[in-house]
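Undergrad: Show me how the following folds:
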Amino acid sequence: MLDNRTKTMEKIHSPYLRIFGLLHMGKMAAITIQQRTFFKWKNRYFHQKFSTGQIINSRHHNNNNWITIVQTMDKIHSPYLRMFVLLHGASGLQLLPISIHDLRSLIYLIINLSLNSITINCVFYDSPLSHAINRAQQQSSHKLYGYYLRTAFYFVYPIIYICFISNYLICGYRIIQLLDSHVFIRSTIMIDSSTNRWKAFGIFIATKLFWIHWFFINEPYWIANLVNHFKWKTFSLVLGLYLYHIYHLTTWFLLYYHQIITNLTLKQIDQMLTTATTIKTNSFSLEKRLFRSFQKLSRQNQKIQFSTSFLLSIMFIEQTIFTVSNLSYFFLVHFKGGDGAWHFLSIYSYLTRFIICFGLIEINRQNLQLFDHIEKRFNCKVIQNGDGASGGCSLRFCHFNQLQLYRQYFCLSAFQWLQIDAITAMQMFFFSLSYVTIISLT
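TA: From the prediction side, this is the model:
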């Protein structure tokens with residue numbers, strides 16, 4: 001009898017219920033308590049999971065689990081990012097997550113890879129542009145200029161394009177997720193409403209029109225050639241060049257979005273710090289929350305800075321190559337005559353790039369100024385609440401003087417070793433000019 005009871009009690013997994021049932025209530029009471037306790041916690045667990053939408057029907061778990069995950073990842077809260085991804089996510093670059101279990105993701109991936117293959121084949125292999133580069137090298141009296149054109153066209157630009165493709169395939173949706181984080185400002189302009197959706201659509205249309213204008217001023221010769229005399233190879237070349245320029249559009253859009261949303265968030269923190277300063281009592285809790293928000297913003301910028309560093313490096317190299325090519329064409333061809341309209345468009349194209357680049361640098365400079373201003377406010381709190389006898393700071397305010405460590409994450413830099421500012425841009429210009437001088441003298 002005792003052996004049977006012992007075997008029965010071993011079926012009760014909880015040691016507390018097993019001892020309690022063995023000593024007091026017998027096996028049936030102990031089993032009943034265990035069953036009731038189990039169903040009680042089971043019902044509570046399922047109620048909590050159903051209320052948060054995390055339970056998936058077990059009969060369809062294997063089929064729908066990945067689809068549910070992908071649908072959750074596809075949710076982009078910012079109307080501006082979502083509009084850009086939905087209307088521009090199948091233009092050759094990957095901005096959506098890649099999953100073999102999601103049909104839409106596979107369709108986008110196949111379309112983008114197909115467009116990239118078309119671009120590589122129609123631009124860099126057996127295209128009218130490659131034939132024009134070869135003729136320019138043969139006819140040019142400056143041999144170094146001809147070698148430079150061939151090296152840039154057959155080696156540098158294909159590597160740049162492949163780097164664009166690889167980076168967006170690996171980090172495209174990751175960058176979108178980081179920019180869509182809740183640590184950035186959540187004011188009325190970021191709420192997912194019909195008004196903001198129309199604003200986002202208007203911004204997308206304006207950006208697209210500007211970039212079509214950009215494409216026309218960068219590739220006027222081939223567009224005019226296609227309009228005057230249609231050929232399939234010329235059409236394929238123009239299509240490939242347009243898809244190539246889309247990578248520039250997307251990269252500039254994401255870089256500008258990051259700097260603008262950071263600027264708005266820093267302004268919001270600065271305004272709330274001003275409000276906290278005017279409060280005479282119980283302002284420390286608000287300042288502490290703002291300090292934590294500032295820390296989260298800094299860590300998020302660190303992640304974004306790392307994810308976009310490769311893109312920023314590619315853009316910097318491409319801008320340098322374009323500057324050398326443009327200035328070489330201007331000095332070696334413009335002064336020898338030719339159509340003045342092409343020369344004007346060439347200068348206008350370079351000035352447009354110059355304005356876009358310095359516009360991004362200017363917004364970043366304003367962000368650094370806001371950072372310094374916020375850091376000064378927190379340092380004032382440390383000084384005001386310091387220990388006058390020892391010259392130290394109060395323990396509760398001491399961590400406010402650590403903000404200087406986060407300043408590097410607000411800079412426009414590539415891998416934290418190349419900081420891109422106005423001085424760097426001017427150094428790049430004069431380096432390109434010196435290289436053009438060498439080309440023109442050989």
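
Undergrad: Determine how far the helix or strand containing residue 297 lies from the middle of the whole chain.
TA: Assigned by DSSP states H and E, residue 297 falls within helix 284-332. Counting by Cα atoms, centre = their mean, to the nearest Å, helix 284-332 is centred 10 Å from the centre of its parent chain.

Undergrad: And the average pLDDT for that helix is what?
TA: Mean per-residue pLDDT for helix 284-332: 86.

Undergrad: same question, stretch 168-181
TA: 89.

Undergrad: The nearest residue to residue 438 once chain neighbours are set aside sits in which helix or strand?
TA: Among residues not flanking residue 438 along the chain, residue 144 sits closest, at 7.2 Å (Cβ to Cβ, 6 or more residues apart in numbering). (C-beta placed from N, C-alpha, C; glycine too.) In the assignment (DSSP H and E), residue 144 maps to helix 143-151.

Undergrad: Grab the nearest non-local neighbour of residue 97.
TA: Residue nearest to residue 97 in three dimensions, not counting chain neighbours: residue 173, with 4.6 Å by Cβ to Cβ, 6+ apart.

Undergrad: To what extent is that neighbour buried, counted in neighbours?
TA: 21 (other Cβ atoms under 10 Å).

Undergrad: Just checking the distance from the helix or strand hosting it to the centre of its chain.
TA: Take DSSP H and E as the rule and residue 173 turns out to sit in helix 157-179. How far helix 157-179 lies from its chain's middle: 9 Å, per Cα atoms, centre = their mean.

Undergrad: and for it, what are the contacting residues?
TA: With contact meaning Cβ atoms under 8 Å, 6 or more residues apart in numbering, helix 157-179 is reached by 73, 76, 78, 81, 85, 93-98, 116, 119-120, 124, 244, 247, 250-251, 254, 257-258, 261, 300, 303-304, 307-308, 310-311, 314, 317-318, 321.

Undergrad: hmm, which of these are the buried ones?
TA: 73, 76, 78, 81, 85, 93-98, 116, 119-120, 124, 244, 247, 250-251, 254, 257-258, 261, 300, 304, 307-308, 310-311, 314, 318, 321 (16 or more other Cβ atoms under 10 Å).

Undergrad: Quick check: buried residues in the helix holding residue 173?
TA: Buried, per 16+ other Cβ under 10 Å, within helix 157-179: 157, 160-161, 163-165, 167-169, 171-173, 175-179.

Undergrad: Repeat that for stretch 411-430.
TA: 411-414, 420-421, 425, 428.

Undergrad: same question, stretch 321-332
TA: For stretch 321-332, burial by neighbour count (16+ other Cβ under 10 Å) applies to 321-329, 331-332.
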